[in-house]
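A.B. asks: what would the 3D arrangement of this be:
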Amino acid sequence: MSDIPLEKCYRILEVRPGSSPAEVKSAYVRLKKLYADESPVIKVLTSEFTAEDKASILAEIEDAHRIIMAALEQPILPPRPIPDIPAAHPTPAVSPKPPAPAAAPIPAKPVEPPKPAATMLPANSAVVAAPAAPFPDSSGPMLKLRREIRGVSLHDIYVSTKIRVEVLENIEAEKFEALADISFLRTHLAQYARFIGLDPKETTEHYLVRYADWRRRRAQAQAAEGKK
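C.D. replies: Presented below is the predicted three-dimensional model:
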């Protein structure tokens, strides 16, 4: 005796689930006759249908019939009573309030373009913001003013550029006689200007105009002294 799933039992007896006991009984009897020894179908298939095959099929028919009939004989429990739910008290009708007057539209604020993010620089860094235009007067005192506005010390420039603080002081004070030749001065001015955010090329050219003017006046003074 085997325990076959109920759905398979219906397929074995070739009946639909939910069939009545009479329909199940009729299908069972029909299949029993079909696989009986005197059945013409079995006689035709004797060469292909062994006794063991017939016994296995008949056993499945018996089990399927037994399982379906046992399921149909189970008492059907009546549905559980639904408890009475007290009726809800009707909600008194509330008269709708008149709609509030529409508020005047608030004019939209003009969208400002995003401000560029500030570039955080490490201390004593030689990397500066994009070079700005040079001061109209790229004199030494004006360079010093621009440096102080940016909060940069001469020591900061020295750490980054290795230009001695004394040389930087001479540039800002325009002590031309203490400065090196023009080739070194040009390099120092470019590094100085770049560090404090000025255009290196234009700042250097403007400053060297003053340096050249000083050299011209010095040469004239020396020539005048020689004539005496």
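A.B. asks: so where is the chain shaky, pLDDT-wise?
C.D. replies: 1-2, 37-49, 75-137, 180-181 (pLDDT under 70).
A.B. asks: how is it divided into domains?
C.D. replies: Per automatic domain parsing, the structural domains of the chain span 6-73, 140-227.
A.B. asks: looking at these, which one is packed in the most?
C.D. replies: Mean neighbour count, computed with mean count of other C-beta atoms under 10 Å, is highest for domain 140-227 among the domains of the chain, reaching a mean of 15. In this view, the C-beta of every residue, glycine as well, is placed from N, C-alpha and C.
A.B. asks: where do the helices sit along this protein?
C.D. replies: Taking DSSP state H to define them, one finds helices in the chain at 6-13, 21-34, 40-44, 51-73, 140-149, 154-161, 165-173, 182-195, 200-227.
A.B. asks: just the CA trace of the fourth one, in CSV.
C.D. replies: So that's helix 51-73. Coordinates of each C-alpha in helix 51-73 appear next as CSV, following Å, rounded to 0.1, in the frame of the first residue of the first chain:
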residue,chain,number,x,y,z
ALA,A,51,2.3,-9.3,-15.9
GLU,A,52,4.5,-7.2,-13.6
ASP,A,53,3.4,-4.0,-15.5
LYS,A,54,-0.3,-5.0,-15.2
ALA,A,55,0.1,-5.7,-11.5
SER,A,56,1.8,-2.3,-10.8
ILE,A,57,-0.9,-0.4,-12.7
LEU,A,58,-3.7,-2.2,-10.9
ALA,A,59,-2.1,-1.5,-7.5
GLU,A,60,-1.9,2.2,-8.4
ILE,A,61,-5.6,2.2,-9.4
GLU,A,62,-6.5,0.5,-6.0
ASP,A,63,-4.4,3.0,-4.0
ALA,A,64,-5.8,6.0,-5.9
HIS,A,65,-9.4,4.9,-5.4
ARG,A,66,-8.8,4.3,-1.7
ILE,A,67,-7.1,7.7,-1.1
ILE,A,68,-9.8,9.7,-3.0
MET,A,69,-12.7,8.0,-1.3
ALA,A,70,-11.0,8.5,2.1
ALA,A,71,-10.6,12.2,1.3
LEU,A,72,-14.3,12.5,0.2
GLU,A,73,-15.5,10.7,3.4
